[in-house]
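A.B. asks: Pasted the sequence and its predicted model underneath.
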Amino acid sequence: MNALLATLNDFTSVLGEHPMFAAGLLLMLGYLIGKLAARARLPEITGYIIAGLLVGESVTGIFPATMNESFVIITETALGLIALAIGVEFSVSKLRRIGRATATINAVQVFVTLAMVTITMILFGMEPPFALLLGAIATTTAPAASLAISQSMRARGKFVDYIHSVIALGDAACLLLFGLILSFVGKLLGAPGDGRSDVLFALREVGISLALGVAGGLLLHRITRNKNGHNELVILLLGVIFMVTATSIIFHLSPLLANMTMGCVLINLSARNHRLFRILEPLTPPLYALFFVIAGTELNLQVIFRAELALLGGAYILVRAVGKYYGAWAGCALSGIGDPIRANLGWCMLPQAGVALGLVLLIQTSPVMQRLTEGQLDTVNAMVNIVLMSVFVNELVGPPLLKFAILRGNRTEETTPS
């Protein structure tokens, strides 16, 4: 056993010598376990996440957490491409068809999820202000899984349009909701400030992110509209994506919103811009694979086995799932959307990742923390672990349910008269 541990330590040191070796290992391992997952009729990205978990610090430790810093540019690039592709879903013609229904579904599912999670956490003994914050975080949905799975399945149609539109619009709404609630909670807990700073910060973040995306879309459209060469289009496209994503991160904006807006602007300026998105298709499989394998390395298996958090975390995960599903169902019903979409859309709302973690960590840097008692600080730490547990479970369970929903939603959509 000691010899095996020594070998693993030596191997880890080799990985640290050059990130490229680690990237190759992660890609190969992700490919192998992704294929095994596909044979078990699971999405390949579930295999990628499991591959990352196996080599991460919570299992074998082959891929140490310190290595993640070397792969930040990969995860940021992948998120930029994912967000750009989601922005394509917001063409004017599509928004005219499903825009009002998308807004209704989002409003209902966000409210239902927020209310159910908040009430449940209060019933489990959490102070109302912290329960409300956790409820706001529960409204987030990770867009990466839905896009990766729908693209790998080559799924098209109204159901997939609703998935991407609801998730994309939901992220913007969640940022505003969280800012409002954090401001309200700050007042309740006596945090310094005028009580409006968090709301204004959230509004400013969203507004500037949208403006950056508009500027990036206009720039990219202008410099590529008279270009026909594949190579020069790739260079210009990636150059603008990198700049928009990096600018968002440097100035603490939302790269997700900025790149989604850029995609939206491009697709509405000219139908010819579809060629830009087709150019990206050969680049996405390895980037997505690395993105999800790296995400798997960050999952902490130990969080699940903490007895004091298992019950609370389990309740959060379960109630969030119920709120997401029935909130989407009720939103569809209010919008007059029938069963093909209504019965399956909620299953696509479960994945939760970076946005949720970012929001819970934002609480720890908020002025609210300055006035908390020791017991309240323990509650905030518990919230962090609850969200970590939710990310772990939903990143593994969410993709298979999403694939199931897309298969079922598209099949029933095809067989149901309009």
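C.D. replies: Yes, it's here.

A.B. asks: Show me the residue at the heart of the chain, geometrically.
C.D. replies: Centroid-nearest residue in the chain: residue 142, 2.3 Å away (criterion: C-alpha atoms, centre = their mean).

A.B. asks: Once you drop chain neighbours, what's closest to residue 220?
C.D. replies: Nearest residue to residue 220, sequence neighbours excluded (C-beta to C-beta, 6 or more residues apart in numbering): residue 240, at 4.6 Å. (Glycine included, C-beta is placed from N, CA and C.)

A.B. asks: who does the helix or strand that contains that neighbour touch, helix- and strand-wise?
C.D. replies: Using DSSP states H and E, the element containing residue 240 is helix 230-250. Helix 230-250 is packed against helix 72-87, helix 197-224, helix 255-269, helix 274-280, with contacts defined by 3 or more C-beta pairs under 8 Å, 6 or more residues apart in numbering; DSSP states H and E.

A.B. asks: in the first one, what counts as buried?
C.D. replies: Of the residues in helix 72-87, those scored as buried under the neighbour-count criterion (16 or more other C-beta atoms under 10 Å) are 74-87.

A.B. asks: ditto for the third one
C.D. replies: Across helix 255-269, burial judged by 16+ other C-beta under 10 Å covers 255-268.

A.B. asks: and those residues, which two are the farthest apart?
C.D. replies: Distances among those were taken as C-beta to C-beta; the most separated pair is 255 and 268, at 20.4 Å.

A.B. asks: Need phi/psi at residue 252.
C.D. replies: Backbone torsions of residue 252, given as degrees, to the nearest 10, read phi 60, psi 40.

A.B. asks: How many neighbouring residues does the closest residue to it other than its chain neighbours have?
C.D. replies: Excluding its sequence neighbours, the residue lying closest to residue 252 (C-beta to C-beta, 6+ apart) is residue 205, at 7.3 Å. As a burial measure, residue 205 scores 19 neighbours (other C-beta atoms under 10 Å).

A.B. asks: One more: the one 4 residues further on?
C.D. replies: By the measure other C-beta under 10 Å, the count of residues near residue 209 is 25.

A.B. asks: Residue 248 is in contact with that one, correct?
C.D. replies: Yes - using C-beta atoms under 8 Å, residue 209 makes contact with residue 248 at a distance of 6.4 Å.

A.B. asks: Please enumerate the shared neighbours of the two.
C.D. replies: Common contact partners of residue 209 and residue 248 (C-beta atoms under 8 Å, 6 or more residues apart in numbering): 254-255, 258.

A.B. asks: Sort out which one of those residues lies nearest residue 348 for me.
C.D. replies: Closest to residue 348 out of these is residue 254 (21.3 Å), distances taken as C-beta to C-beta.

A.B. asks: follow-up on the earlier one: tell me the one of the buried residues of helix 72-87 nearest residue 342?
C.D. replies: Lowest distance from residue 342 to the buried residues of helix 72-87 (C-beta to C-beta) belongs to residue 86, with 22.0 Å.

A.B. asks: which element is residue 180 on?
C.D. replies: Element membership for residue 180, per DSSP H and E: helix 158-188.
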